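S.K.: Fold the following, please.
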Amino acid sequence: MASNSTGWPNGAQAAFSWTHDNMGEAADLNRLLVVPQPIGSHFSVLEVLPQFLALLKKYDIPATYFVESWNLSVYPDAIKSLNSAGIEVAWHAWQHEAWNKLDEEAERDNFDRSFGAMSKFAQGTDMRYKGFRPPGGIIHGDRTLELCREHGLTYISPSAEQGAVVELDGGKDRIAVLPFKWRTVDAYYYMDAFAGLRKTKGELPEESQGPDVLVRNYIEEIDAVIESGGYLSTLFHPFLTNEPGRMEAMEEVLKHVVRRRDEGKLWVATCTEIADWVLKHPDTVGSDPQWDNTSWR
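M.R.: Okay, the predicted model is just below:
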């Protein structure tokens with residue numbers, strides 16, 4: 001792939017990844033919430049996920065889905081369907097633990113348990129984790145980054161403002177940072193639990209917002225990253241996309257991504273593809289992700 005003066009392939013002005021988080025009831029179980037029974041029958045997997053896959057296929061959009069490793073034994077067919085559809089399966093902790101609250105031992109145990117489960121699940125296939133999105137978006141600095149590299153990950157997707165390549169071990173190693181921004185996370189608009197974060201950010205009212213606000217702001221962010229020449233990801237959760245208007249809102253954003261891609265302005269790729277590119281072309285991004293350590297809980 002050729003690059004232009006911005007450094008992105010095929011003459012594009014910016015890089016973009018379409019992402020999803022959370023599968024089934026993993027997060028609710030971790031928070032000791034009431035979940036539908038029996039385990040393994042969550043509506044977001046059985047009803048919403050097929051609609052996501054159909055839309056991604058309709059618009060020919062590559063995607064990355066950050067899935068908790070607990071799901072490997074609970075929803076193996078769903079995860080295999082992602083892989084078969086060409087969607088990158090990346091890591092989202094064991095059971096959506098609040099990452100910033102883990103001590104050093106718990107963090108390492110989470111890595112080891114999760115990667116052990118994936119190793120068993122993926123036997124005979126080329127599946128493996130290449131990236132990590134920490135639940136809550138906040139990491140433990142180099143401690144987390146070094147664990148990522150120890151387990152063979154090439155990128156991490158925390159809460160931050162800019163794509164970056166960060167040096168580790170005194171410059172002997174590197175990892176790509178492909179962040180998410182709260183302004184392009186659907187939960188930031190839809191969930192009452194995010195009222196405090198909305199207040200902290202000062203961008204939205206404390207009250208939850210409708211799909212129209214989400215679409216407007218997502219499109220603004222997509223157009224803004226094209227102007228800046230940087231990297232952006234958007235994030236939709238299947239469990240939040242079952243209410244009237246929300247699936248339509250996601251499709252509106254998809255249409256805009258396709259429009260800007262077809263104009264040649266946006267390089268749309270999986271997180272792994274973008275990580276591989278920036279690691280080979282570090283001048284495409286900077287070295288400072290501008291970490292965002294604000295928390296919604």
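S.K.: count of neighbours near the closest residue to Leu254 other than its chain neighbours?
M.R.: Leaving aside its chain neighbours, Leu254 sits nearest to Tyr59 (5.0 Å; criterion: CB to CB, 6 or more residues apart in numbering). All C-beta spots, glycine's among them, are computed from the backbone N, C-alpha and C. Tyr59 has 15 neighbours, counted by other CB atoms under 10 Å.
S.K.: so for the lengthiest strand in the chain, what's the average pLDDT?
M.R.: Scanning the chain for the longest strand, with DSSP state E as the assignment, gives strand 14-21. Average pLDDT, strand 14-21: 98.
S.K.: quick one, strands of the stretch 1-150 of the chain?
M.R.: 14-21, 63-67, 88-91, 131-132 (DSSP state E, counting those that start in this stretch).
S.K.: Tell me which of those strands approaches Ala98 most closely.
M.R.: strand 14-21 (13.8 Å; CB to CB).
S.K.: Please identify the buried residues of the helix or strand hosting Arg261?
M.R.: Assigned by DSSP states H and E, Arg261 falls within helix 246-262. Of the residues in helix 246-262, Arg246, Met247, Ala249, Met250, Glu252, Val253, Leu254, His256, Val257, Val258, Arg260, Arg261 count as buried by neighbour count, 16 or more other CB atoms under 10 Å.
S.K.: ok, so of these, who is nearest Gly131?
M.R.: Nearest member of the buried residues of helix 246-262 to Gly131, counting by CB to CB, is Val257, at 19.8 Å.
S.K.: re earlier: for the buried residues of helix 246-262, which one is nearest Leu240?
M.R.: Arg246 (6.7 Å).
S.K.: For the closest one, report the pLDDT, please.
M.R.: You'll see Arg246 listed with a pLDDT of 98.
S.K.: distance of it from Val165?
M.R.: Noted for Arg246: a distance of 35 Å to Val165, by CB to CB, to the nearest Å.
S.K.: same thing with Trp267?
M.R.: In terms of CB to CB, Trp267 sits 17 Å off from Val165.
S.K.: Check Ser41 too.
M.R.: 42 Å.
S.K.: Who has more neighbours out of these two?
M.R.: Val165 (21 against 14).
S.K.: Let me know the secondary structure of the more buried one.
M.R.: Of the three states, Val165 takes strand under DSSP: H, G, I helix; E, B strand; the rest coil.
S.K.: ok, now how distant is it from Pro205?
M.R.: Counting by CB to CB, the gap from Val165 to Pro205 is 37 Å.
S.K.: for the residue lying closest to Asp288 once chain neighbours are set aside, what are its contacts?
M.R.: Closest residue to Asp288 in three dimensions, ignoring its sequence neighbours and counting by CB to CB, 6+ apart: Ala164, at 6.0 Å. By CB atoms under 8 Å, 6 or more residues apart in numbering, Ala164 lies in contact with Ala176, Val177, Val285, Gly286, Ser287, Asp288, Pro289.
S.K.: hang on, isn't Gly229 packed against Gln13?
M.R.: Yes - Gly229 lies in contact with Gln13 (CB atoms under 8 Å); the separation is 5.6 Å.
S.K.: More neighbours: which of these two?
M.R.: Gln13 (20 against 17).
S.K.: Tally up the residues packed near the closest residue to Ser157 other than its chain neighbours, please.
M.R.: Once flanking residues are discounted, Ser157 sits nearest to Arg133: 4.1 Å by CB to CB, 6+ apart. Using other CB under 10 Å, Arg133 has 29 other residues around it.
S.K.: And Arg133, how close does it get to Ile156?
M.R.: From Arg133 to Ile156 the distance is 8 Å (CB to CB).
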